[in-house]
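Peer 1: no sequence for this one, just the structure:
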(Lines give C-alpha, C1' and ligand atoms only; values in the text may rest on other atoms or scores of the structure.)
Protein backbone atom coordinates (compact mmCIF):
# COMPACT_ATOMS: atom_id res chain seq x y z
CA UNK A 1 0.00 0.00 0.00
CA UNK A 2 1.15 3.53 -0.71
CA UNK A 3 0.66 6.26 1.89
CA UNK A 4 -2.74 7.30 0.54
CA UNK A 5 -4.03 3.71 0.49
CA UNK A 6 -2.66 3.06 3.97
CA UNK A 7 -4.35 6.17 5.35
CA UNK A 8 -7.69 5.18 3.76
CA UNK A 9 -7.40 1.64 5.14
CA UNK A 10 -6.56 2.81 8.66
CA UNK A 11 -9.19 5.58 8.65
CA UNK A 12 -11.76 2.92 7.78
CA UNK A 13 -10.59 0.75 10.70
CA UNK A 14 -10.75 3.73 13.08
CA UNK A 15 -14.41 4.20 12.11
CA UNK A 16 -15.00 0.49 12.65
CA UNK A 17 -13.48 0.29 16.13
CA UNK A 18 -13.75 3.81 17.60
CA UNK A 19 -17.37 3.25 18.61
CA UNK A 20 -19.28 2.95 21.88
CA UNK A 21 -19.21 -0.85 21.48
CA UNK A 22 -15.46 -0.65 22.19
CA UNK A 23 -16.12 0.44 25.79
CA UNK A 24 -17.73 -2.77 27.05
CA UNK A 25 -14.59 -4.87 26.55
CA UNK A 26 -11.99 -2.23 27.49
CA UNK A 27 -10.75 -0.72 30.79
CA UNK A 28 -11.87 2.70 29.50
CA UNK A 29 -15.27 1.68 30.87
CA UNK A 30 -14.01 2.42 34.42
CA UNK A 31 -13.56 6.21 34.07
CA UNK A 32 -16.87 6.23 32.17
CA UNK A 33 -18.58 5.33 35.46
CA UNK A 34 -17.99 8.88 36.72
CA UNK A 35 -18.96 12.42 35.79
CA UNK A 36 -16.64 14.60 37.93
CA UNK A 37 -13.33 15.39 36.23
CA UNK A 38 -11.16 14.33 39.17
CA UNK A 39 -13.07 11.07 39.63
CA UNK A 40 -12.63 10.31 35.92
CA UNK A 41 -8.89 10.96 35.85
CA UNK A 42 -8.17 9.05 39.08
CA UNK A 43 -10.35 6.08 38.08
CA UNK A 44 -8.65 6.08 34.70
CA UNK A 45 -5.16 6.28 36.18
CA UNK A 46 -5.73 3.41 38.60
CA UNK A 47 -7.38 1.13 36.04
CA UNK A 48 -4.72 1.93 33.42
CA UNK A 49 -2.03 1.11 35.99
CA UNK A 50 -3.24 -2.49 36.25
CA UNK A 51 -4.08 -2.84 32.54
CA UNK A 52 -1.88 -5.79 31.70
CA UNK A 53 -2.80 -9.44 31.42
CA UNK A 54 -6.29 -10.87 30.96
CA UNK A 55 -8.72 -8.13 29.93
CA UNK A 56 -11.65 -9.54 31.92
CA UNK A 57 -9.48 -9.71 35.03
CA UNK A 58 -8.24 -6.15 34.47
CA UNK A 59 -11.81 -4.87 34.31
CA UNK A 60 -12.95 -7.00 37.26
CA UNK A 61 -10.09 -5.81 39.47
CA UNK A 62 -10.55 -2.19 38.35
CA UNK A 63 -14.17 -2.36 39.51
CA UNK A 64 -12.91 -3.85 42.79
CA UNK A 65 -10.55 -0.89 43.20
CA UNK A 66 -13.44 1.53 42.77
CA UNK A 67 -15.53 -0.41 45.31
CA UNK A 68 -12.68 -0.21 47.84
CA UNK A 69 -12.62 3.56 47.31
CA UNK A 70 -16.35 3.78 48.01
CA UNK A 71 -16.94 4.54 44.32
CA UNK A 72 -15.80 8.09 45.09
CA UNK A 73 -12.11 7.98 44.18
CA UNK A 74 -11.41 11.73 44.42
CA UNK A 75 -13.11 12.09 47.78
CA UNK A 76 -11.22 9.05 49.09
CA UNK A 77 -7.87 10.32 47.80
CA UNK A 78 -8.37 13.77 49.26
CA UNK A 79 -10.01 12.97 52.60
CA UNK A 80 -8.90 9.48 53.67
CA UNK A 81 -7.29 8.82 57.04
CA UNK A 82 -4.77 6.09 57.71
CA UNK A 83 -7.37 3.68 59.06
CA UNK A 84 -9.34 3.97 55.80
CA UNK A 85 -6.36 2.49 53.96
CA UNK A 86 -6.47 -0.81 55.85
CA UNK A 87 -9.17 -2.20 53.58
CA UNK A 88 -6.86 -1.77 50.58
CA UNK A 89 -4.18 -4.05 52.04
CA UNK A 90 -5.51 -7.30 50.56
CA UNK A 91 -5.95 -5.99 47.02
CA UNK A 92 -3.85 -7.75 44.39
CA UNK A 93 -3.60 -7.68 40.60
CA UNK A 94 -0.62 -9.65 39.38
CA UNK A 95 2.41 -7.86 40.88
CA UNK A 96 0.42 -4.78 41.97
CA UNK A 97 -0.50 -5.39 45.59
CA UNK A 98 -2.24 -3.66 48.48
CA UNK A 99 0.88 -1.80 49.60
CA UNK A 100 1.29 -0.45 46.08
CA UNK A 101 -2.37 0.60 46.06
CA UNK A 102 -1.97 2.43 49.38
CA UNK A 103 1.19 4.14 48.14
CA UNK A 104 -0.66 5.28 45.00
CA UNK A 105 -3.47 6.81 47.07
CA UNK A 106 -0.98 8.72 49.22
CA UNK A 107 0.89 9.96 46.14
CA UNK A 108 -2.33 11.09 44.51
CA UNK A 109 -3.30 12.94 47.69
CA UNK A 110 0.04 14.76 47.57
CA UNK A 111 -0.49 15.64 43.90
CA UNK A 112 -3.96 17.13 44.47
CA UNK A 113 -2.96 18.86 47.71
CA UNK A 114 0.41 20.27 46.68
CA UNK A 115 0.66 20.24 42.87
CA UNK A 116 -2.75 21.35 41.62
CA UNK A 117 -3.82 17.91 40.42
CA UNK A 118 -2.89 15.44 37.70
CA UNK A 119 -3.67 17.65 34.71
CA UNK A 120 -1.57 20.50 36.10
CA UNK A 121 1.59 18.37 36.16
CA UNK A 122 1.25 17.24 32.55
CA UNK A 123 0.23 20.72 31.39
CA UNK A 124 3.31 22.23 33.08
CA UNK A 125 5.75 19.77 31.54
CA UNK A 126 4.26 19.30 28.05
CA UNK A 127 6.54 20.02 25.12
CA UNK A 128 5.56 21.43 21.71
CA UNK A 129 5.17 18.00 20.13
CA UNK A 130 5.28 15.42 22.94
CA UNK A 131 4.18 14.38 26.42
CA UNK A 132 6.94 11.83 26.91
CA UNK A 133 9.14 14.12 29.04
CA UNK A 134 6.03 15.08 31.01
CA UNK A 135 5.59 11.40 31.94
CA UNK A 136 9.15 11.36 33.28
CA UNK A 137 8.51 14.51 35.32
CA UNK A 138 5.19 13.08 36.55
CA UNK A 139 6.97 10.01 37.89
CA UNK A 140 9.39 12.22 39.84
CA UNK A 141 6.50 14.06 41.47
CA UNK A 142 4.57 10.86 42.07
CA UNK A 143 7.38 9.34 44.10
CA UNK A 144 8.61 12.45 45.92
CA UNK A 145 6.89 11.24 49.11
CA UNK A 146 8.00 8.24 51.15
CA UNK A 147 7.26 4.97 49.34
CA UNK A 148 8.50 1.43 48.92
CA UNK A 149 11.01 1.04 46.09
CA UNK A 150 9.02 -1.89 44.72
CA UNK A 151 6.11 0.44 43.86
CA UNK A 152 8.19 2.48 41.40
CA UNK A 153 7.97 -0.23 38.75
CA UNK A 154 4.24 0.46 38.40
CA UNK A 155 4.82 3.93 36.90
CA UNK A 156 6.81 3.77 33.68
CA UNK A 157 9.41 6.24 32.45
CA UNK A 158 10.17 6.96 28.77
CA UNK A 159 13.61 8.31 29.71
CA UNK A 160 14.43 4.74 30.79
CA UNK A 161 13.35 3.60 27.28
CA UNK A 162 9.94 2.31 28.41
CA UNK A 163 7.11 2.45 25.88
CA UNK A 164 4.92 3.67 28.78
CA UNK A 165 1.98 1.95 27.14
CA UNK A 166 -0.45 2.24 30.03
CA UNK A 167 0.22 5.91 30.78
CA UNK A 168 -0.01 6.78 27.08
CA UNK A 169 -3.36 4.98 26.96
CA UNK A 170 -4.57 6.93 30.00
CA UNK A 171 -3.40 10.20 28.44
CA UNK A 172 -5.36 9.29 25.31
CA UNK A 173 -8.48 8.85 27.45
CA UNK A 174 -7.95 12.26 29.11
CA UNK A 175 -6.81 14.43 26.21
CA UNK A 176 -8.35 13.09 23.03
CA UNK A 177 -11.49 14.96 21.98
CA UNK A 178 -13.46 11.96 20.74
CA UNK A 179 -16.66 12.59 18.79
CA UNK A 180 -17.54 8.91 19.16
CA UNK A 181 -17.60 9.00 22.96
CA UNK A 182 -14.91 6.45 23.82
CA UNK A 183 -12.08 8.74 24.95
CA UNK A 184 -13.30 11.21 27.55
CA UNK A 185 -11.41 14.40 26.58
CA UNK A 186 -11.59 15.97 30.03
CA UNK A 187 -8.21 17.72 29.79
CA UNK A 188 -8.50 20.85 27.65
CA UNK A 189 -4.99 22.28 28.07
CA UNK A 190 -3.11 19.59 26.14
CA UNK A 191 -3.53 19.14 22.40
CA UNK A 192 -4.29 15.58 21.19
CA UNK A 193 -1.58 16.18 18.58
CA UNK A 194 1.01 15.64 21.36
CA UNK A 195 -0.27 12.18 22.35
CA UNK A 196 1.69 8.98 21.70
CA UNK A 197 0.24 5.67 20.63
CA UNK A 198 -0.04 3.10 23.45
CA UNK A 199 2.37 0.56 22.02
CA UNK A 200 1.90 -3.10 22.95
CA UNK A 201 2.43 -6.51 21.36
CA UNK A 202 -0.73 -6.25 19.24
CA UNK A 203 -0.37 -2.69 17.96
CA UNK A 204 3.38 -3.18 17.47
CA UNK A 205 2.98 -6.30 15.35
CA UNK A 206 0.31 -4.70 13.18
CA UNK A 207 2.37 -1.50 12.79
CA UNK A 208 5.35 -3.56 11.57
CA UNK A 209 3.23 -5.46 9.04
CA UNK A 210 1.93 -2.15 7.70
CA UNK A 211 5.40 -0.59 7.45
CA UNK A 212 4.74 1.98 10.20
CA UNK A 213 7.40 0.56 12.50
CA UNK A 214 10.76 -1.03 11.77
CA UNK A 215 12.18 -1.29 15.29
CA UNK A 216 11.80 -4.81 16.72
CA UNK A 217 11.44 -3.91 20.43
CA UNK A 218 8.34 -2.22 21.83
CA UNK A 219 10.21 0.53 23.65
CA UNK A 220 10.41 4.33 23.80
CA UNK A 221 12.41 4.49 20.56
CA UNK A 222 9.71 2.46 18.82
CA UNK A 223 7.05 4.81 20.20
CA UNK A 224 8.94 7.77 18.71
CA UNK A 225 9.18 6.06 15.32
CA UNK A 226 5.51 5.11 15.32
CA UNK A 227 4.52 8.62 16.45
CA UNK A 228 6.40 10.17 13.54
CA UNK A 229 4.66 7.92 11.02
CA UNK A 230 1.17 8.30 12.49
CA UNK A 231 1.55 12.08 12.52
CA UNK A 232 2.16 11.97 8.79
CA UNK A 233 -1.29 10.38 8.45
CA UNK A 234 -3.07 12.77 10.84
CA UNK A 235 -1.00 15.46 12.60
CA UNK A 236 -3.95 16.67 14.68
CA UNK A 237 -5.19 13.33 16.03
CA UNK A 238 -2.46 10.72 15.49
CA UNK A 239 -3.51 8.36 18.29
CA UNK A 240 -6.94 7.73 16.78
CA UNK A 241 -5.01 5.06 14.87
CA UNK A 242 -4.55 3.17 18.13
CA UNK A 243 -8.12 1.94 17.57
CA UNK A 244 -7.18 0.66 14.13
CA UNK A 245 -3.93 -1.02 15.18
CA UNK A 246 -5.47 -2.54 18.30
CA UNK A 247 -8.62 -3.70 16.50
CA UNK A 248 -6.65 -5.27 13.66
CA UNK A 249 -4.41 -7.06 16.11
CA UNK A 250 -6.83 -8.20 18.83
CA UNK A 251 -10.08 -8.68 16.95
CA UNK A 252 -8.90 -9.54 13.43
CA UNK A 253 -5.58 -11.30 14.22
CA UNK A 254 -4.10 -9.27 11.35
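Peer 2: Done, it's in. Just so we're clear, the structure is a prediction, and the values are computed from it rather than from any experiment.
Peer 1: all contacts plus neighbour counts: C-alpha atoms, from now on.
Peer 2: Will do.
Peer 1: how close does residue 6 get to residue 149?
Peer 2: 44 Å (C-alpha to C-alpha, to the nearest Å).
Peer 1: That should have said residue 3, apologies.
Peer 2: From residue 3 across to residue 149, the span is 46 Å (C-alpha to C-alpha).
Peer 1: next one: residue 126
Peer 2: Using C-alpha to C-alpha, residue 126 is found at 27 Å from residue 149.
Peer 1: Am I right that residue 239 sits in a strand?
Peer 2: No - counting by DSSP: H, G, I helix; E, B strand; the rest coil, one finds residue 239 to be helix, located in no strand.
Peer 1: What is the neighbour count of the residue lying closest to it once chain neighbours are set aside?
Peer 2: Using C-alpha to C-alpha, 6 or more residues apart in numbering and skipping the chain neighbours, the partner closest in space to residue 239 is residue 197 (5.2 Å). Neighbour count for residue 197, taken as other C-alpha atoms under 10 Å: 26.
Peer 1: what do you get for residue 12?
Peer 2: 12.
Peer 1: tell me the SS of it?
Peer 2: helix.
Peer 1: State the pLDDT value of it.
Peer 2: The model reports residue 12 with a pLDDT of 98.
Peer 1: ok, so what distance separates it from residue 206?
Peer 2: Residue 12 is 15 Å from residue 206, by C-alpha to C-alpha.
Peer 1: And for residue 180?
Peer 2: 23 Å.
Peer 1: cool, and residue 147?
Peer 2: Computed with C-alpha to C-alpha, the distance linking residue 147 and residue 206 is 38 Å.
Peer 1: May I see the buried residues of stretch 117-127?
Peer 2: 117, 118, 119, 121, 122, 123, 125, 126 (16 or more other C-alpha atoms under 10 Å).
Peer 1: can you redo these as a markdown table with secondary structure?
Peer 2: A markdown table is the format used below for these (three-state DSSP):
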| residue | secondary structure |
| --- | --- |
| 117 | coil |
| 118 | helix |
| 119 | helix |
| 121 | helix |
| 122 | helix |
| 123 | helix |
| 125 | helix |
| 126 | coil |
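Peer 1: how about JSON lines for the residues you listed, with pLDDT added?
Peer 2: JSON lines is the format used below for these (pLDDT from 0 to 100):
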{"residue": "117", "pLDDT": "98"}
{"residue": "118", "pLDDT": "98"}
{"residue": "119", "pLDDT": "98"}
{"residue": "121", "pLDDT": "98"}
{"residue": "122", "pLDDT": "98"}
{"residue": "123", "pLDDT": "98"}
{"residue": "125", "pLDDT": "98"}
{"residue": "126", "pLDDT": "98"}
